[in-house]
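Undergrad: Please work out how this folds:
(2 chains)
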Protein chains: 2
Amino acid sequence: MSKGVTPRSHDYARWYTDVVQKAELADYGPVRGTMVIRPYGYAIWEAIKEAYDQRFRATGHSNAYFPLLIPKSYMSREAEHVEGFAKECAVVTHSRLRAADEGGVEVDPESKLEEELILRPTSETVIWAMYKQWINSYRDLPILINQWANIVRWELRTRLFLRTTEFLWQEGHTAHATEAEAREETLRILNIYREVAEQEMALSVVAGLKSDAEKFAGAVETWSIEAMMGDRRALQAGTSHFLGQNFAKAFDVTFRNEANEEDYVWATSWGVSTRLVGAVVMAHGDDKGLRLPPRIAPIQVVIVPIYKDESKVAVMEAARQLTGSLENAGLRVQLDDRDTVTPGFKFNDWEMKGVPVRIEIGPKDVAAKQVVLVRRDVEGKSTLGLDQVIQELPPLLDEIQDCLFKQAQAFRSTHTRQIVDWEEFREFMEWGGFAICGWDGDPASETAIKEKTKATIRTILEDQEPTDLACIYSGKPAKHTVVLARAY
Amino acid sequence: MSKGVTPRSHDYARWYTDVVQKAELADYGPVRGTMVIRPYGYAIWEAIKEAYDQRFRATGHSNAYFPLLIPKSYMSREAEHVEGFAKECAVVTHSRLRAADEGGVEVDPESKLEEELILRPTSETVIWAMYKQWINSYRDLPILINQWANIVRWELRTRLFLRTTEFLWQEGHTAHATEAEAREETLRILNIYREVAEQEMALSVVAGLKSDAEKFAGAVETWSIEAMMGDRRALQAGTSHFLGQNFAKAFDVTFRNEANEEDYVWATSWGVSTRLVGAVVMAHGDDKGLRLPPRIAPIQVVIVPIYKDESKVAVMEAARQLTGSLENAGLRVQLDDRDTVTPGFKFNDWEMKGVPVRIEIGPKDVAAKQVVLVRRDVEGKSTLGLDQVIQELPPLLDEIQDCLFKQAQAFRSTHTRQIVDWEEFREFMEWGGFAICGWDGDPASETAIKEKTKATIRTILEDQEPTDLACIYSGKPAKHTVVLARAY
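TA: Numbering: from 1, shown residues only, chains lettered A, B, ... in the order given. Modelled structure (predicted):
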């Protein structure tokens, strides 16, 4: 199998799919738009998942599990919610197959369900139906629940990790006695999203509020983090919603407050998904393949022994010893002892898979008690004494983590521009990048911008008062400073 | 809310449901037969999951994720497989809702799918369709993949954890170059299943082979572990299947072996599910509620402060210090500082939830620098010096773990009987227990036994040659020694 990928400059979309498949992260499944997450890709997801899960627990959240199947009628309880999701709902209508006359199987018409069931596109409805049973008094609040689950949204145009008919995610659903508490929770989670994106995935993100047109169907406010991909487009990398009392009202969830008055419960919901794996590919990858931040890399160090027949025993002995020592030091290390491929093939293979550090050991290295060390994040080789490897590797991995983050920050900074002129904005959107502009707050301007440039308001910068700023489209006084970009 | 449960002797099934709901392990979901796993129940599942996951990794397996949605046609590829699962398949037929004239939403008839999709009742078919793409040569083998996923089987009679329309499980699917390797894998996993059941869940299990009538639809051989519940019925607590080349042939998965010949791939699959949480409830629970083995208990120690207004400050101070010390020692500890309920209510509550150790601290205890310690596994209270708690608790938790396991072993042993007389067997099955009997190997005898006594062959004891033993039903010479019992 050739390991080359389409260069990014030639066709970015094709490069992405090549890398995802050749690094063995994922494949398309048999049903259109479904995805098989292969072990290497799943291990990256597990590392991301673990980083978030730890922080959710540390802030008082518990995991639970709610059903996949939702009664059709639940979807229409919250008006905006059904508007947002009805068109992408997979529907279960029957509960049985039977043998077909012409061979094979067919759906048994007698198993038709009385009420059709929806595969969850998100779980607010089923969760709030349960919260109604669990909540009576302020003593039952807050409820801080998260679930790791699969989600089904019938997508017409799909791409591995970024947009698939089924994906994996976490969805937090919290219930609070006061508006202030729910708002605080919304931002606490946004901050966790940002922290993991930056510290673990080495993504450079901008955080802020969504416009009404871009917010979650059923939310009062949606906050998000937005990362810049290698083609300068934005990718929404996590959203945290303040739901107000919308779902509490839709599902009639009230509680007795401390003053013994009946009130509706306040809510948040928030999620990150397997699309983050796609974000890592696109934020850090190059024409050789993936470049993985060490903290989420399934393999942090690969050891490639280089030998001829007469040197094999000595080289393999040294390679095995080093592998064992690094494992004992808590590093995720792999010895590539394949006999069937050349060292050159192995180099390409592990570069494709984005392993942060490659260690080469040949007979001369064994004699000189040294190894050759190759970083994936920057060009160049170096040699290191064999007895220094254990000591040097952990700080080196930290350095690589930091270097990838700084590269991502520099890239976003380079391709972010404050723009006040419409023509400059149009041209900039053709090239790609984050434009910081004024917006008059009018949905009509937002729609016009999208139609003319394909750019959307990624986020409203709440901390930047737009004094003296005009709307990039209408020229009227700006109500908000916003980040505009084309997005995934 | 009253915390009492129906006594086991009065109505075991009702006792079970009471405990599951009152200990807040799970609730029924809005769709018939679906289950909501609440945080406390989910934490038990996470502990079980982690115990298995570690052992799967240690034996070379990787996690991955395959799609929920399976083309209908895949189900009929393997003849026995479709026979086994067709009648419980939930079927997706449409991909969109639309607004209904009379309000609410309805299924959009124009979104009808060309080929209906099945929600996975198990994933052999979709996984072997992918393995066909990934396997060409012996170098691609073995593939040792596991997935943690949700499963849908349309069940008519459901019970929380034990049998629900949707449940969570792990399913391992391995591909091997030789029959011997696949058979070895099947038994390696069976052994892991037994080890975790015994060491972590404190279940006493018997392991062996299933009869053809009871094996997995599509397997050559099914091995299982069977645990005895508190009502002396059996519960299948894990199955490991040797699939031979059945699925490789159904999905045409061949490989070039080392001799450069084309051959079909050998396979195994294996799974444990959330029904294990039900097994823990029924193996250890008593009329006060759950009794959890410390290794899988979400809370190992609960601290209940007992005070009046004037002693509150001193007692809470001591309770908080102790909580902190135990947390630092790595124990899962909870301080019950609720002001709204009495200590007696708290005792009942934590007994219902099966917390292994309760520590009570009152003003006299603070003065005497001691605590009162109550075990959940045996009757009786003891006092312990405050400075000894940290040192004594870890070995005490080990002792409780061991004690629950020994109780389960003794219970199974007491209710297991070698039986050669049919009338005695019939009576024994009415009472309940594991009967060790001869079986002539004839499916007709097996069916007759089931019809007359509701007992099934739980497992064939491979290591017990039935010399001089007659079939319990036919009286003919026995081919196998089997364990017969009524089962969940």
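
Undergrad: From here on, just use CA atoms for contacts and neighbour counts.
TA: OK.

Undergrad: quick one: average pLDDT of stretch A:383-398?
TA: In this model, stretch A:383-398 has an average pLDDT of 96.

Undergrad: what comes up buried for stretch A:134-149?
TA: Across stretch A:134-149, burial judged by 16 or more other CA atoms under 10 Å in any protein chain shown covers A:135-138, A:141-149.

Undergrad: So for it, mean pLDDT?
TA: For stretch A:134-149, mean pLDDT rounds to 97.

Undergrad: Show the contacting residues for A:T481.
TA: By CA atoms under 8 Å, 6 or more residues apart in numbering or on different chains, the contact set of A:T481 is A:I436, A:C437, A:G438, A:W439, A:I460, A:L461, A:E462, A:Q464, A:E465, A:P466.

Undergrad: ok, of these, which come out buried?
TA: Buried subset of those (neighbour count, 16+ other CA under 10 Å): A:I436, A:C437, A:G438, A:W439, A:I460, A:L461, A:P466.

Undergrad: quick one on the thing from earlier: and of the buried residues of stretch A:134-149, the nearest to A:V91?
TA: Ranked by distance to A:V91 (CA to CA), the buried residues of stretch A:134-149 are led by A:A149 at 18.0 Å.

Undergrad: what does the helix or strand of chain A with the lowest mean pLDDT contact?
TA: The weakest-scoring helix or strand in chain A, judged by mean pLDDT, DSSP states H and E, is helix A:79-85 (a mean of 86). Here helix A:79-85 makes contact (CA under 8 Å, 6+ apart) with A:M75, A:S76, A:P121, A:F216, A:A217, A:G218.

Undergrad: for the closest residue to chain B within the stretch 301-450 of chain A, what are its contacts?
TA: Going by CA to the nearest CA, chain B is nearest to A:T340 of the stretch 301-450 of chain A, at 8.8 Å. Contact analysis of A:T340 by CA under 8 Å, 6+ apart lists nothing.

Undergrad: For A:L156, which three-state class applies?
TA: Counting by DSSP: H, G, I helix; E, B strand; the rest coil, the backbone at A:L156 sits in coil.

Undergrad: show me the residues around the closest residue to it other than its chain neighbours that make contact.
TA: Spatial nearest neighbour of A:L156, excluding adjacent residues (CA to CA, 6 or more residues apart in numbering or on different chains): A:G33 at 7.9 Å. Neighbouring residues of A:G33 by CA under 8 Å, 6+ apart: A:E155, A:L156, A:R157, A:T158, A:R159, A:T164, A:T165, A:E166.

Undergrad: Check A:R375 too.
TA: A:P356, A:V357, A:R358, A:K381, A:I400.

Undergrad: Tabulate those residues (CSV), appending distance to chain B and secondary structure.
TA: Formatted as CSV, these follow (distance: CA to the nearest CA, whole Å; DSSP: H, G, I helix; E, B strand; the rest coil):
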residue, distance to chain B, secondary structure
A:P356, 21, coil
A:V357, 22, strand
A:R358, 22, strand
A:K381, 31, strand
A:I400, 26, helix
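
Undergrad: Can you tell me which of the residues you listed lies closest to A:Y42?
TA: For the contacts of A:R375, the closest approach to A:Y42 (CA to CA) belongs to A:P356, at 17.7 Å.

Undergrad: Does that closest one touch A:R376 like I think?
TA: Yes. Contact criterion CA atoms under 8 Å: A:P356 and A:R376 qualify, at 5.0 Å.

Undergrad: joint contacts of the two?
TA: Listed as contacting both A:P356 and A:R376 by CA under 8 Å, 6+ apart are A:R291.

Undergrad: the more surrounded of these two?
TA: Comparing A:P356 with A:R376 by other CA atoms under 10 Å in any protein chain shown, the one with more neighbours is A:P356, at 27 against 21.

Undergrad: most neighbours, which of the contacts of A:G33?
TA: Busiest of these [other CA under 10 Å] is A:T165, holding 26 neighbours.

Undergrad: Residue ranges of each domain in chain A, please.
TA: Domain assignment for chain A by automatic domain parsing gives A:12-91+A:119-284, A:299-395, A:416-485.

Undergrad: Could you single out the most deeply buried of these?
TA: domain A:12-91+A:119-284 (a mean of 21; mean count of other CA atoms under 10 Å in any protein chain shown).

Undergrad: Can you give me the first-to-last residue distance of that one?
TA: Using CA to CA, to the nearest Å, the end-to-end distance of domain A:12-91+A:119-284 comes to 13 Å.

Undergrad: Now the closest residue to chain B within the stretch 101-250 of chain A. Nearest residue, chain neighbours left out?
TA: Going by CA to the nearest CA, chain B is nearest to A:G104 of the stretch 101-250 of chain A, at 5.5 Å. In space, A:G104 comes closest to B:S76 once its chain neighbours are excluded; the distance is 5.5 Å by CA to CA, 6+ apart.

Undergrad: show me what contacts that neighbour?
TA: Contact analysis of B:S76 by CA under 8 Å, 6+ apart lists A:G104, A:V105, B:V82.

Undergrad: What's the local residue count around A:Y488?
TA: 11.

Undergrad: How confident was the prediction at it?
TA: 95.

Undergrad: Which residues are in contact with it?
TA: A:L162, A:R233, A:A234, A:L235, A:Q236.

Undergrad: ok, now A:M201?
TA: Neighbour list for A:M201: A:I48, A:V280, A:P293, A:R295, A:I296 [criterion: CA under 8 Å, 6+ apart].

Undergrad: how does it look with 10 Å?
TA: Applying CA atoms under 10 Å, 6 or more residues apart in numbering or on different chains to A:M201 gives the contacts A:44, A:47-48, A:51, A:194-195, A:276-277, A:279-280, A:283-284, A:292-297, A:401, A:404-405.

Undergrad: Can you give me the distance of A:K132 to A:V253?
TA: 5 Å.

Undergrad: any residues in contact with both of those two?
TA: With CA under 10 Å, 6+ apart as the test, A:K132 and A:V253 both reach A:V265.

Undergrad: Surely A:E258 is within a helix?
TA: No. If the criterion is three-state DSSP, then A:E258 is coil and not within a helix.

Undergrad: So it is in contact with A:D140, correct?
TA: No. Using CA atoms under 10 Å, A:E258 makes no contact with A:D140, being 11.6 Å away.

Undergrad: which neighbours do these two share?
TA: Joint contacts of A:E258 and A:D140 (CA under 10 Å, 6+ apart) are A:A177.
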